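Q: Coordinates only, no sequence provided:
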Ligand SMILES: *Cc1c(COP(=O)(O)O)cnc(C)c1O
């Protein structure tokens with residue numbers, strides 16, 4: 001057993017074994033650092049992803065008969081890292097985080113003591129951290145921390161599923177025994193994340209009972225359309241069960257008006273004598289901006305510039321209403337810069353958990369003992385990682401101000417990007433509101449976004465412009481090692497002049513997420529686009545840029 005024991009950390013904390021572990025850490029950190037290059041987005045050389053790449057992996061995979069030495073294990077791991085994308089200043093594609101140091105250490109502690117977040121007897125560190133971050137963030141958004149509950153779960157998507165499950169069980173407490181009623185309906189914006197789509201599939205509600213609501217010009221849910229569609233459901237005997245209020249759409253950062261959604265829900269509840277309609281705020285993307293909920297824009301302690309203040313003030317007006325939602329989520333692994341997965345699902349009223357908790361007799365192994373008082377029998381996971389520890393560490397290291405500075409910088413860089421882009425390139429239009437995301441669209445000649453937006457172009461014209469942008473995305477995508485832009489095939493739907501079907505808009509995305517993406521870098525980002533669009537227009541024999 002001695003040689004097997006060598007594969008483990010020490011039992012007694014001796015220096016020798018610690019030094020050994022440290023030397024592995026050091027090697028890994030050093031080797032990864034050696035691969036970093038601020039001018040590139042990948043660590044080392046990208047493997048060639050030939051068509052049979054994964055097939056070859058499948059063929060050669062085998063568990064070794066005898067274990068290989070740690071040096072070799074590390075060499076193999078580093079091979080996996082080769083060519084990995086690394087979120088530095090050149091990454092402007094999506095909400096991919098660069099985990100901050102505190103969160104890395106938080107994760108390390110989580111792994112070293114390896115508690116099971118299922119039960120405090122098995123994982124006291126994570127349990128305490130979870131209770132603590134739940135209280136911290138409840139206070140921040142305006143939930144009563146003595147009534148709220150929270151737990152980390154499988155992402156923003158997990159939060160949507162968990163909230164839907166709460167909604168079903170609250171409406172129909174017998175559904176756990178006899179299955180769900182057949183007349184339940186969910187509502188979401190047509191630009192909401194596909195999390196709800198997955199969840200209605202999995203919960204047995206069915207996609208046909210998920211009603212998509214139109215959006216306004218600013219990508220927020222159209223309240224009249226919501227009301228109308230809810231009334232239609234009620235008229236045919238359906239039950240409006242659940243509304244997903246997206247606060248920060250994934251592509252355009254549209255923010256649904258929670259106050260109005262809540263009003264509509266309450267109005268319908270009283271007119272039609274309905275059970276309370278569950279509202280989940282899908283704040284996976286936007287939730288971090290609640291860090292400005294109590295920011296005093298008058299005294300402006302961080303000295304934020306006027307144009308940034310204006311954006312953040314409008315966020316404050318919207319995000320202060322999150323407390324009206326039955327639940328919400330903090331996806332720290334998006335704008336909060338922590339490792340995957342660090343999502344905290346927050347529930348306004350912990351009473352609701354009683355509908356989904358396990359009966360005592362169903363949990364003979366853990367919980368409900370004289371010892372231990374924190375047992376998460378209501379989660380869909382059994383064993384749970386203690387990812388609240390990474391969140392906790394980040395909150396301590398950043399504090400309110402640290403996060404405010406980081407979040408304000410996302411806006412600052414986007415404002416500069418918008419200004420520079422439209423100044424330097426004549427055939428481009430910006431297609432969303434100022435936010436941490438800028439969506440934009442190129443045109444073979446003059447920008448025609450206003451006309452598209454107002455439904456004045458034909459479907460064919462718009463599809464051609466989509467095609468143009470799609471091809472251009474391929475061009476810049478091939479050089480994503482230099483600057484990596486995102487794109488979307490459905491930024492939104494717009495009316496056309498000659499068809500009853502609305503047309504999805506193709507757009508490029510600039511999503512600044514790295515703390516190293518600063519205003520100083522913006523000229524370079526835009527120059528990359530300018531060079532390539534000039535070249536692209538030439539290859540298409542189009543009219544040259546002015
Ligand atoms: C990213 C995202 C999700 C899914 O979150 P995961 O953490 O990736 O599971 C859900 N909703 C919105 C609005 C998102 O942007």
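A: Good, I have the coordinates. No experiment lies behind these values; they were computed from the predicted model shown.

Q: and the longest helix that the chain contains, average pLDDT?
A: Across the chain, the helix with the greatest residue count (assigned by DSSP state H) is helix 388-424. The pLDDT scores in helix 388-424 average 98.

Q: got it, and stretch 467-478?
A: Rounded mean pLDDT across stretch 467-478 is 96.

Q: got a list of contacts for it?
A: 441-444, 483, 485, 487, 489, 506-508, 528-529, 532-533, 535-536 (CB atoms under 8 Å, 6 or more residues apart in numbering). Every residue, glycine included, has its C-beta placed from N, CA and C.

Q: if you look at the residues you listed, which of them are in helices?
A: Going by DSSP H, the helices hold 528, 529, 532, 533, 535, 536 from the contacts of stretch 467-478.

Q: measure the third one to residue 89 for me?
A: Think residue 532. Noted for residue 532: a distance of 18 Å to residue 89, by CB to CB, to the nearest Å.

Q: Over to the fourth one?
A: Relative to residue 89, residue 533 is positioned 21 Å away (criterion: CB to CB).

Q: one step back: which one of residue 532 and residue 89 has more residues nearby?
A: Per other CB atoms under 10 Å, whichever of residue 532 and residue 89 has more neighbours is residue 89, with 20 against 17.

Q: doesn't residue 428 make contact with residue 422?
A: Yes: contact criterion CB atoms under 8 Å: residue 422 and residue 428 qualify, at 6.6 Å.

Q: Flag every residue of the stretch 301-450 of the chain that's near the ligand.
A: Applying CB under 6 Å from any ligand atom, one finds that the stretch 301-450 of the chain approaches the ligand through 331, 343.

Q: for the stretch 301-450 of the chain, what spans make up the helices?
A: 306-319, 388-424, 449-453 (DSSP state H, counting those that start in this stretch).

Q: can you put these in JSON lines and add mean neighbour count?
A: JSON lines is the format used below for the helices of the stretch 301-450 of the chain (neighbours: other CB atoms under 10 Å):
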{"stretch": "helix 306-319", "mean neighbour count": "17"}
{"stretch": "helix 388-424", "mean neighbour count": "20"}
{"stretch": "helix 449-453", "mean neighbour count": "16"}
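
Q: Any residue of the lengthiest strand in the chain touching the ligand?
A: Assignment by DSSP state E gives strand 239-246 as the longest strand of the chain. Yes: for strand 239-246, a contact with the ligand is found by CB under 6 Å from any ligand atom, at residue 246.

Q: Buried residues of that strand, list them for me.
A: Across strand 239-246, burial judged by 16 or more other CB atoms under 10 Å covers 239, 240, 241, 242, 243, 244, 245, 246.

Q: Let me know whether the second one touches residue 187 as I believe.
A: Yes: proximity of residue 240 to residue 187 meets the contact threshold set by CB under 8 Å, at 6.8 Å.

Q: Please enumerate the shared neighbours of the two.
A: In contact with both residue 240 and residue 187: residue 230, using CB under 8 Å, 6+ apart.

Q: Tell me the secondary structure at residue 13.
A: coil (DSSP: H, G, I helix; E, B strand; the rest coil).

Q: what's the burial count for it?
A: 8.

Q: coming back round to it: the helices of the stretch 301-450 of the chain into JSON lines, with extra columns for distance to residue 496?
A: Shown next, in JSON lines, are the helices of the stretch 301-450 of the chain (distance: least, CB to CB, whole Å):
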{"stretch": "helix 306-319", "distance to residue 496": "31"}
{"stretch": "helix 388-424", "distance to residue 496": "25"}
{"stretch": "helix 449-453", "distance to residue 496": "9"}
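
Q: can you tell which of those helices is closest to residue 6?
A: helix 388-424 (27.5 Å; CB to CB).

Q: Which elements pack onto the closest one?
A: helix 101-113, helix 124-141, helix 306-319, strand 428-430, strand 437-442, helix 522-539 (3 or more CB pairs under 8 Å, 6 or more residues apart in numbering; DSSP states H and E).

Q: Dump those into TSV; add mean pLDDT as well.
A: Below are those laid out as TSV (pLDDT from 0 to 100):
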stretch	mean pLDDT
helix 101-113	98
helix 124-141	97
helix 306-319	98
strand 428-430	98
strand 437-442	98
helix 522-539	96
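
Q: ranking these by burial, who's on top?
A: Stretch with highest mean neighbour count among the helices and strands packed on helix 388-424: strand 437-442 (a mean of 25; mean count of other CB atoms under 10 Å).

Q: List the neighbouring strands of that one plus their orientation.
A: Here strand 437-442 is paired, per DSSP bridges, with strand 428-430 (antiparallel), strand 507-511 (antiparallel).

Q: Now do the helices in the stretch 101-250 of the chain.
A: In the stretch 101-250 of the chain, the segments counted as helices under DSSP H, counting those that start in this stretch are 101-113, 124-141, 155-171, 175-178, 195-203, 223-235.

Q: So what's the gap between the first one and the chain middle?
A: Yep, that's helix 101-113 we're talking about. The chain centre lies 21 Å from the centre of helix 101-113; the measure is CA atoms, centre = their mean, to the nearest Å.

Q: got the angle for that helix vs helix 124-141?
A: Computed with axes from the mean of the first three to the mean of the last three CA atoms, to 10 degrees, the direction of helix 101-113 lies at 150 degrees from that of helix 124-141.

Q: Next: the last one.
A: With the same axes, to 10 degrees defining the directions, helix 223-235 sits at 110 degrees from helix 124-141.

Q: Going by neighbour count, which residues of helix 223-235 are buried?
A: In terms of neighbour count (16+ other CB under 10 Å), helix 223-235 has its buried residues at 223, 225, 226, 227, 229, 230, 233, 234.

Q: okay, those in TSV with distance to the ligand and pLDDT next?
A: Output for those, formatted as TSV (distance: CB to the nearest ligand atom, whole Å; pLDDT from 0 to 100):
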residue	distance to the ligand	pLDDT
223	19	98
225	19	98
226	17	98
227	22	98
229	20	98
230	21	98
233	23	98
234	27	98
